[in-house]
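# Sequence and predicted structure, then a few things I'm wondering about:
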Amino acid sequence: MLVTLLAFGTSMYGMKFVEQQFFPTSDRPELIIDVTLRQNASFKSTDAVMTQLDTWLATRKEPSYWSTYVGRTAPRFILAFDAATPADNFGQIVVMTGDLAARDALRAAVGDYAKTLPSVDIFAKYLELGPPVGKPVQYRLSGPDPDKVSDLGRDLAAVLAKDKRLDTITQNYSEPARVARVVLDQEKLRQLGLTQTDVAHALYSLFDGYTVTEVRDGKTLIDVVARGSDADRSSVASLQNLQLGNAAGQPIPLISFATLEWTLEQPIIQQRNRLPTVTVKAAVVTKDQPATIATDLQPAIDAFAASLPPGYAVEIGGSVESSAESQAPIVAVVPIMLLIMITLVMVQMQSFRRSFIVLAVAPLGLIGVVAALLFSGAPLGFVAILGVLALVGILIRNSIILVHEIEELQHRGLSQWQAVFGATDSRARPILLTAAAASLALIPISRQVFWGPMAYAMMGGIIVGTLLTLLFVPALYCLVFRVKPEPAT
(Lines give C-alpha, C1' and ligand atoms only; values in the text may rest on other atoms or scores of the structure.)
Protein backbone atom coordinates (compact mmCIF):
# COMPACT_ATOMS: atom_id res chain seq x y z
CA MET A 1 0.00 0.00 0.00
CA LEU A 2 2.87 2.40 0.76
CA VAL A 3 4.44 1.71 -2.64
CA THR A 4 1.08 2.30 -4.31
CA LEU A 5 0.55 5.62 -2.55
CA LEU A 6 4.08 6.75 -3.44
CA ALA A 7 3.46 5.79 -7.06
CA PHE A 8 0.19 7.73 -7.03
CA GLY A 9 1.91 10.81 -5.64
CA THR A 10 4.59 10.50 -8.33
CA SER A 11 1.95 10.24 -11.04
CA MET A 12 0.21 13.38 -9.74
CA TYR A 13 3.51 15.20 -10.04
CA GLY A 14 4.13 13.66 -13.47
CA MET A 15 0.84 15.07 -14.79
CA LYS A 16 2.55 18.43 -15.27
CA PHE A 17 4.82 16.81 -17.87
CA VAL A 18 1.94 15.33 -19.88
CA GLU A 19 1.12 17.47 -22.91
CA GLN A 20 -2.43 18.83 -23.05
CA GLN A 21 -4.20 18.77 -26.39
CA PHE A 22 -7.61 19.74 -27.71
CA PHE A 23 -8.00 17.54 -30.79
CA PRO A 24 -5.16 16.06 -32.87
CA THR A 25 -4.51 17.20 -36.39
CA SER A 26 -5.90 15.13 -39.22
CA ASP A 27 -3.91 12.40 -40.94
CA ARG A 28 -5.41 13.30 -44.32
CA PRO A 29 -2.88 14.27 -47.03
CA GLU A 30 -4.41 17.71 -47.76
CA LEU A 31 -2.51 20.87 -46.94
CA ILE A 32 -4.42 24.14 -46.61
CA ILE A 33 -2.54 27.36 -47.41
CA ASP A 34 -4.18 30.57 -46.19
CA VAL A 35 -2.93 33.77 -47.83
CA THR A 36 -3.82 37.12 -46.27
CA LEU A 37 -2.67 40.48 -47.59
CA ARG A 38 -3.00 43.83 -45.86
CA GLN A 39 -6.60 44.87 -45.28
CA ASN A 40 -6.59 47.59 -47.91
CA ALA A 41 -5.27 45.27 -50.64
CA SER A 42 -7.36 44.96 -53.77
CA PHE A 43 -8.69 41.80 -55.36
CA LYS A 44 -6.17 42.18 -58.18
CA SER A 45 -3.26 42.33 -55.73
CA THR A 46 -4.49 39.16 -54.04
CA ASP A 47 -4.92 37.44 -57.39
CA ALA A 48 -1.34 38.36 -58.35
CA VAL A 49 0.03 36.79 -55.15
CA MET A 50 -2.06 33.65 -55.65
CA THR A 51 -0.76 33.36 -59.23
CA GLN A 52 2.76 33.63 -57.88
CA LEU A 53 2.07 30.82 -55.41
CA ASP A 54 0.57 28.68 -58.19
CA THR A 55 3.74 29.12 -60.20
CA TRP A 56 5.88 28.16 -57.21
CA LEU A 57 3.77 25.06 -56.42
CA ALA A 58 4.23 23.90 -60.01
CA THR A 59 7.96 23.63 -59.34
CA ARG A 60 7.49 21.38 -56.30
CA LYS A 61 7.32 17.61 -56.45
CA GLU A 62 5.14 17.11 -53.34
CA PRO A 63 1.75 18.33 -54.69
CA SER A 64 -0.37 15.94 -56.73
CA TYR A 65 -2.85 18.68 -57.61
CA TRP A 66 -4.36 21.74 -55.99
CA SER A 67 -7.24 24.22 -56.17
CA THR A 68 -6.84 27.98 -55.76
CA TYR A 69 -9.52 30.34 -54.45
CA VAL A 70 -9.23 34.14 -54.50
CA GLY A 71 -11.39 36.29 -52.26
CA ARG A 72 -12.89 33.31 -50.43
CA THR A 73 -12.15 29.91 -48.97
CA ALA A 74 -12.70 26.53 -50.55
CA PRO A 75 -16.16 24.97 -50.22
CA ARG A 76 -16.59 23.06 -46.97
CA PHE A 77 -15.65 19.55 -48.07
CA ILE A 78 -15.47 18.15 -44.52
CA LEU A 79 -17.39 19.17 -41.41
CA ALA A 80 -14.38 20.50 -39.50
CA PHE A 81 -13.24 22.78 -42.33
CA ASP A 82 -13.16 26.44 -41.34
CA ALA A 83 -14.84 28.65 -43.96
CA ALA A 84 -13.68 32.25 -43.49
CA THR A 85 -15.64 35.36 -44.42
CA PRO A 86 -15.04 36.34 -48.08
CA ALA A 87 -12.66 39.29 -48.45
CA ASP A 88 -10.70 40.90 -51.28
CA ASN A 89 -7.40 40.51 -49.38
CA PHE A 90 -7.78 36.77 -48.71
CA GLY A 91 -7.00 33.67 -50.75
CA GLN A 92 -6.71 29.95 -50.10
CA ILE A 93 -5.09 26.95 -51.77
CA VAL A 94 -6.06 23.34 -51.07
CA VAL A 95 -3.15 21.08 -51.99
CA MET A 96 -3.47 17.31 -52.28
CA THR A 97 -0.18 15.52 -51.64
CA GLY A 98 0.81 11.90 -52.17
CA ASP A 99 1.33 10.96 -48.52
CA LEU A 100 1.90 12.44 -45.07
CA ALA A 101 5.65 12.75 -45.58
CA ALA A 102 5.09 14.86 -48.70
CA ARG A 103 2.49 16.93 -46.85
CA ASP A 104 4.89 17.68 -43.97
CA ALA A 105 7.74 18.48 -46.36
CA LEU A 106 5.55 20.85 -48.36
CA ARG A 107 4.42 22.65 -45.22
CA ALA A 108 8.02 23.28 -44.23
CA ALA A 109 8.79 24.50 -47.76
CA VAL A 110 5.81 26.88 -47.68
CA GLY A 111 7.12 28.32 -44.42
CA ASP A 112 10.48 29.02 -46.02
CA TYR A 113 8.87 30.49 -49.13
CA ALA A 114 6.67 32.77 -47.02
CA LYS A 115 9.80 34.55 -45.79
CA THR A 116 10.34 35.87 -49.32
CA LEU A 117 6.98 37.70 -49.12
CA PRO A 118 7.24 39.65 -45.86
CA SER A 119 4.16 41.77 -46.56
CA VAL A 120 1.92 38.71 -46.99
CA ASP A 121 0.73 36.37 -44.24
CA ILE A 122 1.07 32.83 -45.61
CA PHE A 123 -0.04 30.14 -43.18
CA ALA A 124 0.09 26.45 -44.13
CA LYS A 125 -2.04 24.23 -41.92
CA TYR A 126 -3.40 20.71 -41.69
CA LEU A 127 -7.05 19.79 -41.53
CA GLU A 128 -8.41 19.59 -38.00
CA LEU A 129 -10.37 16.72 -36.49
CA GLY A 130 -12.16 18.85 -33.92
CA PRO A 131 -13.72 22.31 -34.10
CA PRO A 132 -11.54 24.45 -36.39
CA VAL A 133 -9.55 27.22 -34.70
CA GLY A 134 -6.93 28.18 -37.29
CA LYS A 135 -3.75 29.37 -35.60
CA PRO A 136 -3.88 27.56 -32.26
CA VAL A 137 -2.48 30.20 -29.88
CA GLN A 138 -4.85 33.17 -29.71
CA TYR A 139 -5.55 36.04 -27.35
CA ARG A 140 -8.36 38.59 -27.57
CA LEU A 141 -7.99 42.19 -26.39
CA SER A 142 -11.14 44.28 -25.97
CA GLY A 143 -11.73 47.94 -25.18
CA PRO A 144 -13.92 50.92 -26.03
CA ASP A 145 -11.58 52.68 -28.51
CA PRO A 146 -10.89 50.83 -31.81
CA ASP A 147 -7.66 52.74 -32.48
CA LYS A 148 -6.37 52.12 -28.97
CA VAL A 149 -7.30 48.45 -29.23
CA SER A 150 -5.30 48.19 -32.46
CA ASP A 151 -2.24 49.78 -30.84
CA LEU A 152 -2.46 47.55 -27.77
CA GLY A 153 -2.87 44.53 -30.06
CA ARG A 154 0.55 45.23 -31.53
CA ASP A 155 1.99 45.39 -28.01
CA LEU A 156 0.37 42.05 -27.21
CA ALA A 157 1.86 40.59 -30.41
CA ALA A 158 5.29 41.74 -29.20
CA VAL A 159 4.75 39.76 -25.98
CA LEU A 160 3.99 36.59 -27.98
CA ALA A 161 6.96 37.20 -30.28
CA LYS A 162 9.34 36.70 -27.35
CA ASP A 163 8.45 32.99 -27.32
CA LYS A 164 10.61 31.21 -29.91
CA ARG A 165 8.03 28.46 -30.29
CA LEU A 166 5.60 30.86 -31.98
CA ASP A 167 5.75 32.25 -35.49
CA THR A 168 3.61 34.11 -38.09
CA ILE A 169 2.01 36.29 -35.43
CA THR A 170 -0.86 38.34 -36.87
CA GLN A 171 -3.90 40.26 -35.72
CA ASN A 172 -7.25 40.95 -37.35
CA TYR A 173 -6.82 44.73 -36.90
CA SER A 174 -4.27 45.91 -39.40
CA GLU A 175 -3.49 49.07 -41.35
CA PRO A 176 -6.54 51.22 -42.15
CA ALA A 177 -7.78 51.56 -45.70
CA ARG A 178 -8.10 54.79 -47.67
CA VAL A 179 -11.68 55.66 -48.48
CA ALA A 180 -13.33 58.40 -50.51
CA ARG A 181 -16.59 59.66 -49.07
CA VAL A 182 -19.21 61.41 -51.18
CA VAL A 183 -20.56 64.23 -49.00
CA LEU A 184 -23.91 65.48 -50.32
CA ASP A 185 -25.24 69.01 -50.06
CA GLN A 186 -28.83 68.23 -49.12
CA GLU A 187 -30.15 71.69 -50.03
CA LYS A 188 -28.69 71.64 -53.55
CA LEU A 189 -29.81 68.05 -53.95
CA ARG A 190 -33.44 69.05 -53.32
CA GLN A 191 -33.15 72.08 -55.59
CA LEU A 192 -32.01 69.87 -58.47
CA GLY A 193 -34.86 67.40 -57.92
CA LEU A 194 -32.66 64.51 -56.81
CA THR A 195 -32.67 62.23 -53.76
CA GLN A 196 -30.03 60.30 -51.88
CA THR A 197 -31.47 57.13 -53.38
CA ASP A 198 -30.76 58.43 -56.89
CA VAL A 199 -27.13 59.11 -55.97
CA ALA A 200 -26.71 55.72 -54.28
CA HIS A 201 -28.21 53.97 -57.31
CA ALA A 202 -25.85 55.78 -59.69
CA LEU A 203 -22.77 54.96 -57.60
CA TYR A 204 -23.86 51.34 -57.23
CA SER A 205 -24.41 51.05 -60.96
CA LEU A 206 -20.95 52.45 -61.69
CA PHE A 207 -18.92 50.26 -59.32
CA ASP A 208 -20.99 47.12 -58.64
CA GLY A 209 -23.49 47.10 -61.50
CA TYR A 210 -27.18 46.22 -61.68
CA THR A 211 -29.17 43.67 -63.60
CA VAL A 212 -30.91 45.17 -66.63
CA THR A 213 -32.36 41.98 -68.14
CA GLU A 214 -31.95 38.23 -68.39
CA VAL A 215 -30.96 35.98 -71.28
CA ARG A 216 -32.17 32.39 -71.51
CA ASP A 217 -29.58 29.75 -72.32
CA GLY A 218 -31.50 26.52 -72.56
CA LYS A 219 -32.97 26.00 -69.08
CA THR A 220 -30.68 28.60 -67.49
CA LEU A 221 -31.37 32.31 -67.04
CA ILE A 222 -28.24 34.47 -67.22
CA ASP A 223 -28.26 37.96 -65.73
CA VAL A 224 -27.10 40.83 -67.94
CA VAL A 225 -25.32 43.30 -65.64
CA ALA A 226 -24.52 46.88 -66.62
CA ARG A 227 -21.67 48.62 -64.83
CA GLY A 228 -18.77 50.98 -65.45
CA SER A 229 -15.68 49.99 -67.39
CA ASP A 230 -12.54 48.77 -65.64
CA ALA A 231 -10.93 52.18 -66.03
CA ASP A 232 -13.92 53.93 -64.45
CA ARG A 233 -14.22 51.46 -61.57
CA SER A 234 -10.51 51.64 -60.68
CA SER A 235 -10.25 55.42 -60.55
CA VAL A 236 -11.88 57.89 -58.21
CA ALA A 237 -11.53 60.52 -60.95
CA SER A 238 -14.52 58.91 -62.65
CA LEU A 239 -16.69 60.24 -59.81
CA GLN A 240 -15.85 63.79 -60.81
CA ASN A 241 -17.17 63.11 -64.31
CA LEU A 242 -20.24 61.17 -63.16
CA GLN A 243 -23.55 62.65 -64.26
CA LEU A 244 -27.03 61.88 -63.00
CA GLY A 245 -30.38 62.48 -64.61
CA ASN A 246 -33.23 64.17 -62.75
CA ALA A 247 -36.96 63.72 -63.31
CA ALA A 248 -36.85 66.08 -66.28
CA GLY A 249 -34.05 64.08 -67.91
CA GLN A 250 -31.45 66.80 -67.47
CA PRO A 251 -27.86 65.59 -66.89
CA ILE A 252 -26.47 66.90 -63.60
CA PRO A 253 -22.76 66.48 -62.67
CA LEU A 254 -22.11 64.88 -59.31
CA ILE A 255 -19.63 67.59 -58.33
CA SER A 256 -22.39 70.23 -58.57
CA PHE A 257 -24.00 69.02 -55.35
CA ALA A 258 -21.35 66.79 -53.72
CA THR A 259 -17.75 66.95 -52.56
CA LEU A 260 -15.18 64.17 -52.14
CA GLU A 261 -13.43 63.66 -48.81
CA TRP A 262 -10.39 61.46 -48.29
CA THR A 263 -10.02 59.66 -45.00
CA LEU A 264 -8.65 56.50 -43.34
CA GLU A 265 -10.72 53.90 -41.53
CA GLN A 266 -10.66 50.26 -40.50
CA PRO A 267 -12.33 48.17 -43.24
CA ILE A 268 -13.80 45.85 -40.60
CA ILE A 269 -14.18 46.53 -36.87
CA GLN A 270 -14.41 43.21 -35.04
CA GLN A 271 -16.61 43.34 -31.94
CA ARG A 272 -17.21 40.96 -29.07
CA ASN A 273 -19.77 41.70 -26.38
CA ARG A 274 -20.32 45.04 -28.19
CA LEU A 275 -16.70 46.08 -27.66
CA PRO A 276 -14.04 46.49 -30.38
CA THR A 277 -11.86 43.40 -30.09
CA VAL A 278 -8.55 42.53 -31.68
CA THR A 279 -7.49 38.88 -31.88
CA VAL A 280 -3.76 38.18 -31.89
CA LYS A 281 -2.98 34.81 -33.47
CA ALA A 282 0.22 32.76 -33.60
CA ALA A 283 1.25 29.44 -35.15
CA VAL A 284 3.32 26.84 -33.28
CA VAL A 285 6.56 25.90 -35.03
CA THR A 286 7.66 23.20 -32.57
CA LYS A 287 6.09 19.99 -31.30
CA ASP A 288 4.84 21.71 -28.16
CA GLN A 289 1.10 21.72 -27.58
CA PRO A 290 -0.74 25.08 -27.52
CA ALA A 291 -1.94 24.46 -23.97
CA THR A 292 1.66 24.05 -22.78
CA ILE A 293 2.73 27.28 -24.49
CA ALA A 294 -0.29 29.12 -23.08
CA THR A 295 0.64 27.97 -19.57
CA ASP A 296 4.21 29.18 -20.02
CA LEU A 297 2.98 32.53 -21.38
CA GLN A 298 0.51 33.12 -18.58
CA PRO A 299 2.86 35.18 -16.32
CA ALA A 300 3.79 37.50 -19.21
CA ILE A 301 0.12 37.83 -20.26
CA ASP A 302 -0.91 38.62 -16.68
CA ALA A 303 1.77 41.31 -16.45
CA PHE A 304 0.60 42.79 -19.76
CA ALA A 305 -3.05 42.74 -18.66
CA ALA A 306 -2.13 44.55 -15.44
CA SER A 307 -0.58 47.38 -17.45
CA LEU A 308 -3.70 47.98 -19.59
CA PRO A 309 -5.78 51.13 -19.11
CA PRO A 310 -9.14 50.82 -17.34
CA GLY A 311 -11.80 49.28 -19.57
CA TYR A 312 -9.39 47.07 -21.53
CA ALA A 313 -8.97 43.34 -20.92
CA VAL A 314 -7.24 40.28 -22.36
CA GLU A 315 -8.69 36.78 -22.58
CA ILE A 316 -7.40 33.59 -24.10
CA GLY A 317 -8.85 32.07 -27.27
CA GLY A 318 -7.82 29.49 -29.83
CA SER A 319 -7.55 25.80 -29.05
CA VAL A 320 -7.28 26.35 -25.28
CA GLU A 321 -10.66 28.09 -25.18
CA SER A 322 -12.24 25.55 -27.54
CA SER A 323 -10.92 22.71 -25.40
CA ALA A 324 -12.42 24.24 -22.27
CA GLU A 325 -15.76 24.74 -24.01
CA SER A 326 -15.81 21.12 -25.21
CA GLN A 327 -14.87 19.70 -21.81
CA ALA A 328 -17.35 21.86 -19.91
CA PRO A 329 -20.37 19.60 -20.66
CA ILE A 330 -18.38 16.57 -19.49
CA VAL A 331 -17.28 18.31 -16.28
CA ALA A 332 -20.88 19.36 -15.64
CA VAL A 333 -22.16 15.76 -15.57
CA VAL A 334 -19.21 14.28 -13.65
CA PRO A 335 -20.78 14.96 -10.21
CA ILE A 336 -23.97 13.22 -11.32
CA MET A 337 -21.93 10.34 -12.71
CA LEU A 338 -20.01 9.95 -9.44
CA LEU A 339 -23.21 10.10 -7.38
CA ILE A 340 -24.85 7.38 -9.45
CA MET A 341 -21.67 5.28 -9.35
CA ILE A 342 -21.33 5.57 -5.56
CA THR A 343 -25.01 4.77 -5.10
CA LEU A 344 -24.76 1.62 -7.21
CA VAL A 345 -21.61 0.50 -5.37
CA MET A 346 -23.32 1.06 -2.03
CA VAL A 347 -26.34 -0.95 -3.14
CA GLN A 348 -24.07 -3.79 -4.27
CA MET A 349 -21.68 -3.81 -1.30
CA GLN A 350 -24.19 -3.06 1.49
CA SER A 351 -21.31 -1.65 3.57
CA PHE A 352 -19.49 1.65 3.86
CA ARG A 353 -16.14 -0.03 4.40
CA ARG A 354 -16.45 -2.39 1.48
CA SER A 355 -17.64 0.49 -0.73
CA PHE A 356 -14.62 2.52 0.33
CA ILE A 357 -12.31 -0.33 -0.68
CA VAL A 358 -13.94 -0.61 -4.11
CA LEU A 359 -13.93 3.12 -4.82
CA ALA A 360 -10.37 3.67 -3.57
CA VAL A 361 -8.97 1.90 -6.62
CA ALA A 362 -10.56 4.24 -9.20
CA PRO A 363 -8.23 7.26 -8.84
CA LEU A 364 -5.17 5.02 -8.61
CA GLY A 365 -5.57 4.14 -12.28
CA LEU A 366 -3.96 7.52 -12.92
CA ILE A 367 -0.62 5.83 -12.22
CA GLY A 368 -0.84 3.79 -15.39
CA VAL A 369 -2.39 6.59 -17.43
CA VAL A 370 0.44 9.03 -16.71
CA ALA A 371 3.11 6.39 -17.24
CA ALA A 372 1.65 5.31 -20.59
CA LEU A 373 1.21 8.87 -21.88
CA LEU A 374 4.73 9.90 -20.88
CA PHE A 375 6.26 6.76 -22.36
CA SER A 376 4.37 7.06 -25.66
CA GLY A 377 4.53 10.85 -25.90
CA ALA A 378 0.79 10.95 -26.52
CA PRO A 379 -1.04 14.05 -25.23
CA LEU A 380 -3.98 14.10 -22.85
CA GLY A 381 -6.79 15.43 -25.00
CA PHE A 382 -10.53 15.28 -25.32
CA VAL A 383 -10.61 11.67 -26.53
CA ALA A 384 -8.09 10.50 -23.91
CA ILE A 385 -10.25 12.00 -21.16
CA LEU A 386 -13.18 9.93 -22.39
CA GLY A 387 -10.95 6.85 -22.13
CA VAL A 388 -9.98 7.74 -18.55
CA LEU A 389 -13.65 8.04 -17.59
CA ALA A 390 -14.32 4.60 -19.07
CA LEU A 391 -11.27 3.26 -17.20
CA VAL A 392 -12.83 4.24 -13.87
CA GLY A 393 -15.72 1.89 -14.50
CA ILE A 394 -13.42 -0.99 -15.46
CA LEU A 395 -11.34 -0.69 -12.27
CA ILE A 396 -14.40 -0.45 -10.03
CA ARG A 397 -15.91 -3.51 -11.70
CA ASN A 398 -12.78 -5.61 -11.06
CA SER A 399 -12.68 -4.48 -7.44
CA ILE A 400 -16.34 -5.38 -6.94
CA ILE A 401 -15.71 -8.86 -8.34
CA LEU A 402 -12.81 -9.45 -5.95
CA VAL A 403 -14.47 -8.05 -2.82
CA HIS A 404 -17.67 -9.94 -3.58
CA GLU A 405 -15.69 -13.16 -3.91
CA ILE A 406 -14.06 -12.53 -0.52
CA GLU A 407 -17.50 -12.17 1.09
CA GLU A 408 -18.77 -15.33 -0.63
CA LEU A 409 -15.87 -17.39 0.66
CA GLN A 410 -16.47 -16.12 4.19
CA HIS A 411 -20.11 -17.16 3.93
CA ARG A 412 -18.88 -20.67 3.06
CA GLY A 413 -17.10 -20.88 6.38
CA LEU A 414 -13.55 -19.78 5.53
CA SER A 415 -11.71 -17.42 7.85
CA GLN A 416 -11.11 -13.83 6.78
CA TRP A 417 -7.46 -14.46 5.93
CA GLN A 418 -8.27 -17.60 3.97
CA ALA A 419 -11.09 -15.82 2.16
CA VAL A 420 -8.85 -12.90 1.12
CA PHE A 421 -6.09 -15.24 -0.03
CA GLY A 422 -8.48 -17.66 -1.77
CA ALA A 423 -10.49 -14.94 -3.54
CA THR A 424 -7.34 -13.24 -4.82
CA ASP A 425 -6.00 -16.57 -6.05
CA SER A 426 -9.24 -17.68 -7.75
CA ARG A 427 -10.04 -14.28 -9.32
CA ALA A 428 -6.50 -13.65 -10.58
CA ARG A 429 -6.88 -15.60 -13.81
CA PRO A 430 -10.21 -14.12 -15.03
CA ILE A 431 -9.15 -10.58 -14.06
CA LEU A 432 -5.79 -10.95 -15.81
CA LEU A 433 -7.36 -12.49 -18.91
CA THR A 434 -9.98 -9.73 -19.08
CA ALA A 435 -7.30 -7.06 -18.73
CA ALA A 436 -5.11 -8.72 -21.36
CA ALA A 437 -8.00 -8.97 -23.81
CA ALA A 438 -8.93 -5.32 -23.31
CA SER A 439 -5.33 -4.13 -23.65
CA LEU A 440 -4.60 -6.22 -26.75
CA ALA A 441 -7.83 -5.05 -28.37
CA LEU A 442 -6.63 -1.45 -28.06
CA ILE A 443 -3.34 -2.04 -29.88
CA PRO A 444 -4.79 -1.70 -33.45
CA ILE A 445 -6.09 1.82 -32.74
CA SER A 446 -3.06 2.94 -30.74
CA ARG A 447 -1.27 4.04 -33.91
CA GLN A 448 -4.16 6.15 -35.14
CA VAL A 449 -3.94 9.90 -34.80
CA PHE A 450 -7.41 10.35 -33.34
CA TRP A 451 -7.80 7.28 -31.11
CA GLY A 452 -4.14 6.76 -30.18
CA PRO A 453 -4.06 8.88 -26.98
CA MET A 454 -7.20 7.16 -25.67
CA ALA A 455 -5.74 3.73 -26.42
CA TYR A 456 -2.48 4.45 -24.58
CA ALA A 457 -4.30 5.95 -21.61
CA MET A 458 -6.64 2.98 -21.29
CA MET A 459 -3.92 0.36 -21.81
CA GLY A 460 -1.70 1.88 -19.13
CA GLY A 461 -4.62 2.30 -16.74
CA ILE A 462 -5.92 -1.23 -17.29
CA ILE A 463 -2.51 -2.88 -16.81
CA VAL A 464 -1.67 -0.96 -13.64
CA GLY A 465 -5.26 -1.15 -12.40
CA THR A 466 -5.23 -4.92 -12.73
CA LEU A 467 -2.12 -5.18 -10.57
CA LEU A 468 -3.70 -2.85 -8.02
CA THR A 469 -6.83 -5.01 -7.95
CA LEU A 470 -4.79 -8.11 -7.13
CA LEU A 471 -2.31 -6.47 -4.73
CA PHE A 472 -3.62 -3.19 -3.34
CA VAL A 473 -7.28 -4.20 -2.87
CA PRO A 474 -6.52 -7.31 -0.75
CA ALA A 475 -4.03 -5.33 1.34
CA LEU A 476 -6.54 -2.51 1.84
CA TYR A 477 -9.23 -5.03 2.77
CA CYS A 478 -6.96 -6.55 5.40
CA LEU A 479 -6.19 -3.08 6.79
CA VAL A 480 -9.82 -1.89 6.90
CA PHE A 481 -11.17 -5.10 8.44
CA ARG A 482 -8.04 -5.72 10.52
CA VAL A 483 -7.43 -9.15 9.07
CA LYS A 484 -4.41 -10.87 10.63
CA PRO A 485 -2.41 -13.68 9.03
CA GLU A 486 -3.19 -17.04 10.53
CA PRO A 487 -0.39 -18.68 12.49
CA ALA A 488 1.40 -21.45 10.64
CA THR A 489 0.44 -24.95 11.77
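That came through, no problem.
# Neighbours of the residue lying closest to Pro379 once chain neighbours are set aside, how many?
Of all residues not flanking Pro379 in the chain, Gln21 sits nearest, at 3.5 Å (C-beta to C-beta, 6 or more residues apart in numbering). The C-beta positions use only the backbone N, C-alpha and C, and glycine is treated the same way. For Gln21, the neighbour count with other C-beta atoms under 10 Å is 23.
# Show the contacting residues for Ile93.
Ile32, Ile33, Val35, Met50, Leu53, Asp54, Leu57, Trp66, Ser67, Thr68, Tyr69 (C-beta atoms under 8 Å, 6 or more residues apart in numbering).
# Look at it and give its secondary structure.
strand (DSSP: H, G, I helix; E, B strand; the rest coil).
# Could I get the contacting residues of the residue nearest to it when sequence neighbours are not counted?
Nearest non-adjacent residue to Ile93, counting by C-beta to C-beta, 6+ apart: Ile33, 4.3 Å away. By C-beta under 8 Å, 6+ apart, the residues touching Ile33 are Leu53, Gln92, Ile93, Val94, Val95, Val110, Ile122, Phe123, Ala124, Lys125.
# any chance of those residues in a markdown table, plus distance to Gln138 and pLDDT?
Converted to a markdown table, these look like this (distance: C-beta to C-beta, whole Å; pLDDT from 0 to 100):
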| residue | distance to Gln138 | pLDDT |
| --- | --- | --- |
| Leu53 | 25 | 92 |
| Gln92 | 19 | 92 |
| Ile93 | 23 | 92 |
| Val94 | 23 | 92 |
| Val95 | 24 | 92 |
| Val110 | 21 | 89 |
| Ile122 | 18 | 88 |
| Phe123 | 13 | 87 |
| Ala124 | 18 | 87 |
| Lys125 | 14 | 87 |
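# is it true that Leu409 touches Gln418?
Yes: the pair Leu409 / Gln418 is scored as a contact, 7.2 Å apart, by C-beta atoms under 8 Å.
# Looking at these two now, which is surrounded by more residues?
Neighbours per residue (other C-beta under 10 Å) separate Leu409 from Gln418, with Leu409 holding more: 19 against 16.
# quick check, the more buried one in a helix?
Yes: counting by three-state DSSP, Leu409 falls inside a helix.
# Show me where the stretch 151-300 of the chain has its strands.
Here the stretch 151-300 of the chain has its strands, by DSSP state E, counting those that start in this stretch, at 166-171, 177-184, 210-217, 220-226, 243-245, 251-253, 258-265, 271-272, 275-284.
# per-residue pLDDT, the residue nearest to Pro379?
Gln21 carries a pLDDT value of 72.
# any idea where the helices of the stretch 51-200 of the chain begin and end?
Taking DSSP state H, counting those that start in this stretch to define them, one finds helices in the stretch 51-200 of the chain at 100-114, 146-161, 186-191, 196-207.
# For these, give me CSV that also has distance to Thr279 and mean neighbour count.
Output for the helices of the stretch 51-200 of the chain, formatted as CSV (distance: least, C-beta to C-beta, whole Å; neighbours: other C-beta atoms under 10 Å):
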stretch, distance to Thr279, mean neighbour count
helix 100-114, 20, 16
helix 146-161, 8, 18
helix 186-191, 40, 12
helix 196-207, 30, 14
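# out of the ones you listed, which comes closest to Gly461?
Among the helices of the stretch 51-200 of the chain, the nearest to Gly461 by C-beta to C-beta is helix 100-114 (29.1 Å).
# Surely Gly381 touches Pro453?
Yes: under the criterion of C-beta under 8 Å, Gly381 makes contact with Pro453 at 5.5 Å.
# can you list residues touching both of these two?
Gln21, Pro24.
# Pick the most deeply packed of the strands of the stretch 151-300 of the chain.
strand 275-284 (a mean of 22; mean count of other C-beta atoms under 10 Å).
# Centre of the chain to that strand, how far?
Chain-centre distance of strand 275-284: 14 Å, with C-alpha atoms, centre = their mean, to the nearest Å.
# So which elements touch it?
When contacts are defined as 3 or more C-beta pairs under 8 Å, 6 or more residues apart in numbering; DSSP states H and E, strand 275-284 sits against strand 137-142, helix 146-161, strand 166-171.
# which residues are contacting that strand?
123, 125, 134-146, 149-150, 152-153, 156-157, 160, 165-173, 269-271, 290, 293, 317-318.
# again, only using 6 Å
Identification of contacts with strand 275-284 by C-beta atoms under 6 Å, 6 or more residues apart in numbering yields 135-142, 146, 149, 153, 156-157, 160, 166-173, 269-270.
# So which bits of the lengthiest helix in the chain are buried?
Longest helix of the chain, by residue count under DSSP state H: helix 318-349. Within helix 318-349, the residues that qualify as buried are Gly318, Ser319, Val320, Glu321, Ser322, Ser323, Ser326, Met341, Val345, Met349, counting by 16 or more other C-beta atoms under 10 Å.
# now swap in stretch 408-426 and tell me
By neighbour count on 16+ other C-beta under 10 Å, the buried set for stretch 408-426 is Leu409, Gln410, Leu414, Gln416, Gln418, Ala419, Val420, Phe421, Gly422, Ala423, Thr424.
# Could you check how far that stretch is from the centre of its chain?
The chain centroid and the centroid of stretch 408-426 are separated by 53 Å under C-alpha atoms, centre = their mean.
# What of stretch 48-55?
That offset, for stretch 48-55, works out to 29 Å (C-alpha atoms, centre = their mean).
# Model confidence score at the closest residue to Glu19 other than its chain neighbours, please.
Once flanking residues are discounted, Glu19 sits nearest to Pro379: 4.0 Å by C-beta to C-beta, 6+ apart. pLDDT for Pro379: 80.
# surely Pro379 meets Val18?
No: counting by C-beta atoms under 6 Å, Pro379 stays clear of Val18, with 7.1 Å between them.
# Good, wrapping up.
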